[in-house]
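Visitor: fold the following, please.
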Amino acid sequence: MMNYLNCSAQELEQEYQALKKQYEDEKGKGLNLNMARGKPGKEQLDLSLDMLDVVNSKSEFVGADKMDCRNYGILEGIEECRKLFGDILGVDYKNVMVGGSSSLNMMFDTISCLMTKSIAEGCKPWYEVPDRKFLCPVPGYDRHFGITGYYGFEMIPVPMSEDGPDMDMIEELVASDASVKGIWCVPKYSNPQGITYSDETVKRLANLKPAAKDFRIMWDNAYCVHDVTDTPDELLNIYDECVKAGNEDLPLLFCSTSKITFPGAGVAAMAASPNNMKVFRERYNFEIISYDKLNMLRHVKYFGDYNGVLEHMKKHKAVLAPKFAIVLDTLQKELVPAGIGSWTNPNGGYFVSIDVLSGTAKRVVQLCREAGLVLTGAGATYPNGNDPHDANIRIAPSFPPNDELQTAMDLFCVCVKLAACEKLLAK
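Guide: Numbers count the residues shown, from 1 in each chain. Modelled structure (predicted):
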């Protein structure tokens with residue numbers, strides 16, 4: 001197999017014609033494959049089915065705080081569920097609020113709240129800051145960017161390295177510009193690269209000296225227990241580091257069981273300092289009387305404690321590890337010899353991030369779609385969908401059965417090579 005960057009035009013043309021035929025053959029199979037989102041597959045969803053039997057008509061519905069979970073009340077969630085999430089997030093449960101099924105919903109509500117309510121003395125609500133800005137590590141999570149885009153923030157891309165976002169850039173921007181109001185972070189197994197922030201990165205974030213007193217770190221620890229190898233990454237506790245630095249109010253932490261139990265019927269939580277939680281409690285007090293305590297109780301009874309969650313995640317690992325192997329092995333076999341791609345080898349999370357030949361990502365996604373494979377849109381991992389290199393593509397291997405996943409990856413590699421040949425030959 002040839003390296004496309006070193007071969008002659010004649011050799012490349014021959015390769016292009018062979019690939020074109022191979023692509024047309026794949027296209028003729030009438031495939032219907034989807035790797036657009038990080039959705040758990042059926043095998044993963046089945047892992048939690050027993051949880052549906054934990055609470056039934058004969059159950060005791062009273063939680064540890066003696067509240068009947070079927071009724072109104074307990075805005076912050078039942079105590080035992082707050083303790084469970086406190087252990088998951090590494091904070092005192094008294095700083096935890098348990099919400100509905102979606103951590104994304106809680107993050108949207110958080111930004112919405114700060115648009116209309118000042119969270120720090122002497123600061124205006126964010127809607128009164130016309131040039132408001134938000135820092136966005138890239139490549140990153142499209143739905144994060146969608147929230148701050150919806151609320152009219154200028155989103156500043158911050159390049160990612162193997163240690164996390166560029167801290168020199170962050171420190172300079174945060175210290176010099178009071179209109180910079182926050183940063184999105186997926187600190188463990190980042191979406192999409194699977195990078196875990198280094199200890200130094202976490203400490204530097206905790207020791208930021210923002211020009212804006214209301215600057216906040218949106219710490220979306222979505223994949224905190226989602227290991228897929230026997231050498232899992234370790235993440236330093238951001239809240240503890242912020243307390244040490246005298247910046248207790250800096251981080252706002254989020255997580256959920258969406259990719260632990262049922263994505264559409266999990267439990268989400270947020271954690272923050274007492275000062276921050278006072279502001280959010282006031283908003284939620286008007287927004288809702290209480291969230292679904294029966295679902296909280298169901299999760300607590302099913303897992304028992306944090307160790308129960310970790311044991312359950314071993315089952316997910318057994319399902320996901322072969323899927324990641326299919327993706328990485330196929331990329332290694334098909335693209336390394338061609339010299340036209342680079343990608344991450346994450347120890348956990350839900351994605352593999354690949355950079356194809358610059359200027360071809362959109363074409364790759366188009367070719368895949370026309371042959372029956374739906375991927376996340378090229379550019380989605382950048383604010384406003386603007387990947388300046390048109391190179392990054394997010395691979396989500398969790399949803400398809402393994403045989404379909406292998407078919408999808410074979411087709412994907414054909415499309416990557418075909419698009420590269422088109423680019424190099426100026427077709």
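
Visitor: switch to C-alpha atoms for all contacts and neighbour counts from now on
Guide: Noted.

Visitor: Asn295 contacts Val267, doesn't it?
Guide: Yes. With contact defined as C-alpha atoms under 8 Å, Asn295 reaches Val267; the gap is 7.2 Å.

Visitor: the more surrounded of the two?
Guide: Applying other C-alpha atoms under 10 Å to Asn295 and Val267 shows that Val267 carries more neighbours, namely 27 against 20.

Visitor: quick check: closest non-adjacent residue to the more buried one.
Guide: Nearest residue to Val267, sequence neighbours excluded (C-alpha to C-alpha, 6 or more residues apart in numbering): Ser101, at 4.4 Å.

Visitor: that neighbour sits in which helix or strand?
Guide: Per DSSP states H and E: Ser101 is located in neither a helix nor a strand.

Visitor: show me what contacts it?
Guide: 256-258, 263-268 (C-alpha atoms under 8 Å, 6 or more residues apart in numbering).

Visitor: how about Cys185?
Guide: The contact partners of Cys185, by C-alpha under 8 Å, 6+ apart, come to 136-137, 217-221.

Visitor: apply 6 Å and report the result again.
Guide: For Cys185, the contact set (C-alpha atoms under 6 Å, 6 or more residues apart in numbering) comprises 218-220.

Visitor: same thing with Leu114?
Guide: By C-alpha under 6 Å, 6+ apart, Leu114 lies in contact with Pro125.

Visitor: phi and psi next, for it.
Guide: The phi/psi pair for Leu114 (degrees, to the nearest 10) reads phi -70, psi -20.

Visitor: re earlier: and the contacts of Ser101, which of them are in strands?
Guide: Counting by DSSP state E, these place 256, 268 in strands.

Visitor: so where does Met313 fall, helix or strand?
Guide: Applying DSSP H and E, one finds Met313 within helix 306-335.

Visitor: quick one, helices of the stretch 251-400 of the chain?
Guide: Under the criterion DSSP state H, counting those that start in this stretch, the stretch 251-400 of the chain carries helices at the ranges 274-287, 293-303, 306-335, 361-370.

Visitor: for Leu49, which of those helices is the nearest?
Guide: helix 293-303 (10.4 Å; C-alpha to C-alpha).

Visitor: name the residues that touch that closest one?
Guide: Contacts for helix 293-303 (C-alpha under 6 Å, 6+ apart): 51, 55, 69, 309.

Visitor: out of the residues you listed, which two sit at the greatest distance?
Guide: Among the contacts of helix 293-303, Cys69 and Val309 lie farthest apart (C-alpha to C-alpha), at 21.9 Å.

Visitor: tell me who's in contact with Leu424.
Guide: Going by C-alpha under 6 Å, 6+ apart, Leu424 touches no other residue.

Visitor: and Thr344, by the same measure?
Guide: Applying C-alpha under 6 Å, 6+ apart, we find Thr344 in contact with 193, 353.

Visitor: now Lys27
Guide: Contact analysis of Lys27 by C-alpha under 6 Å, 6+ apart lists Ala371.

Visitor: could you list the domains of the chain?
Guide: As assigned by automatic domain parsing, the chain contains the domains 9-45+310-425, 61-304.

Visitor: how about JSON lines for the ones you listed, with mean pLDDT added?
Guide: Output for the domains of the chain, formatted as JSON lines (pLDDT from 0 to 100):
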{"stretch": "domain 9-45+310-425", "mean pLDDT": "96"}
{"stretch": "domain 61-304", "mean pLDDT": "96"}
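
Visitor: redo those as CSV? Include distance to Met2.
Guide: As requested, these are exported to CSV (distance: least, C-alpha to C-alpha, whole Å):
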stretch, distance to Met2
domain 9-45+310-425, 6
domain 61-304, 27
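
Visitor: looking at those domains, which is nearest to Asn3?
Guide: domain 9-45+310-425 (4.1 Å).

Visitor: ends of the closest one, how far apart?
Guide: For domain 9-45+310-425, the first-to-last residue distance is 7 Å (C-alpha to C-alpha, to the nearest Å).

Visitor: for the contacts of helix 293-303, which entry has the maximal number of neighbours?
Guide: Cys69 (23 neighbours).

Visitor: give me the phi and psi angles of it.
Guide: Main-chain dihedrals, Cys69, degrees, to the nearest 10: phi -70, psi -10.

Visitor: one more: the one 4 residues further on?
Guide: Summarising the backbone geometry of Gly73 under the convention degrees, to the nearest 10, its torsions are phi 120, psi 160.

Visitor: what sits closest to it if chain neighbours are left out?
Guide: Gly73 sits nearest to Ser290 (C-alpha to C-alpha, 6+ apart), 5.5 Å away.

Visitor: skipping adjacent residues, who's closest to Leu373 in space?
Guide: Leaving aside its chain neighbours, Leu373 sits nearest to Leu33 (4.6 Å; criterion: C-alpha to C-alpha, 6+ apart).

Visitor: equivalent analysis for Pro274, please.
Guide: Closest to Pro274 by C-alpha to C-alpha, 6+ apart is Asn95, at 6.4 Å.

Visitor: much appreciated, bye for now.
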